[in-house]
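J.: Provide a 3D model corresponding to the input given below.
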Amino acid sequence: MLGTMNKQTQIINDKYEALMFAKTPEVGRKAARELVRVVLGDEALRRPLEESLRECCRVLRPSDDPKEQARFEAEFLELAVPPANANRMAA
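T.: Numbers count the residues shown, from 1 in each chain. As a prediction, this is how the structure comes out:
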């Protein structure tokens, strides 16, 4: 069972890194959908991406402080759906 958990954690980390380092908005959205699928399951893909990403963030990076949680979710969403007027540079 521990091996399965480690494998799942590695898959999640790989998908999260793909999201973090996506070079285009299209690649970011694809990585976001893959992360949502791994964390929440296939049924989450039937909901709007923004809603699923917020839920995914609450699973991966929960906070007891509502303001901090909102900030985490906003940062998470920006990875997959950057603001239209923002120029994103790869790190």
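
J.: which residues of this structure fall in helices?
T.: Shown for the chain, the helices assigned by DSSP state H span residues 2-20, 25-40, 49-60, 66-80.

J.: Make CSV from those and add mean neighbour count and mean pLDDT to it.
T.: For the C-beta atoms, the positions are set from N, CA and C on the backbone; glycine is no exception. Output for the helices of the chain, formatted as CSV (neighbours: other CB atoms under 10 Å; pLDDT from 0 to 100):
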stretch, mean neighbour count, mean pLDDT
helix 2-20, 13, 86
helix 25-40, 18, 93
helix 49-60, 17, 94
helix 66-80, 15, 92
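
J.: Go ahead and confirm V36 touches C56.
T.: Yes - using CB atoms under 8 Å, V36 is in contact with C56, at 5.2 Å.

J.: hey, what's in contact with both of the two?
T.: Here V36 and C56 have A44 as joint contacts, going by CB atoms under 8 Å, 6 or more residues apart in numbering.

J.: State the distance from R37 to T24.
T.: Separation of R37 from T24 (CB to CB, to the nearest Å) stands at 20 Å.

J.: should've said A32
T.: Going from A32 to T24 by CB to CB gives 13 Å.

J.: cool, and Y16?
T.: Y16 is 17 Å from T24, where distance means CB to CB.

J.: Kindly report the same for E34.
T.: 15 Å.

J.: next one: D64
T.: The value you get for D64 to T24, if CB to CB is used, is 35 Å.

J.: Check K15 too.
T.: Per CB to CB, K15 is found 17 Å from T24.

J.: before we move on, what about S52?
T.: According to CB to CB, S52 and T24 sit 20 Å apart.

J.: now do E51
T.: From E51 to T24 the distance is 23 Å (CB to CB).

J.: Check L77 too.
T.: From L77 to T24 the distance is 17 Å (CB to CB).

J.: cool, and E75?
T.: Applying CB to CB, the value for E75 to T24 is 19 Å.
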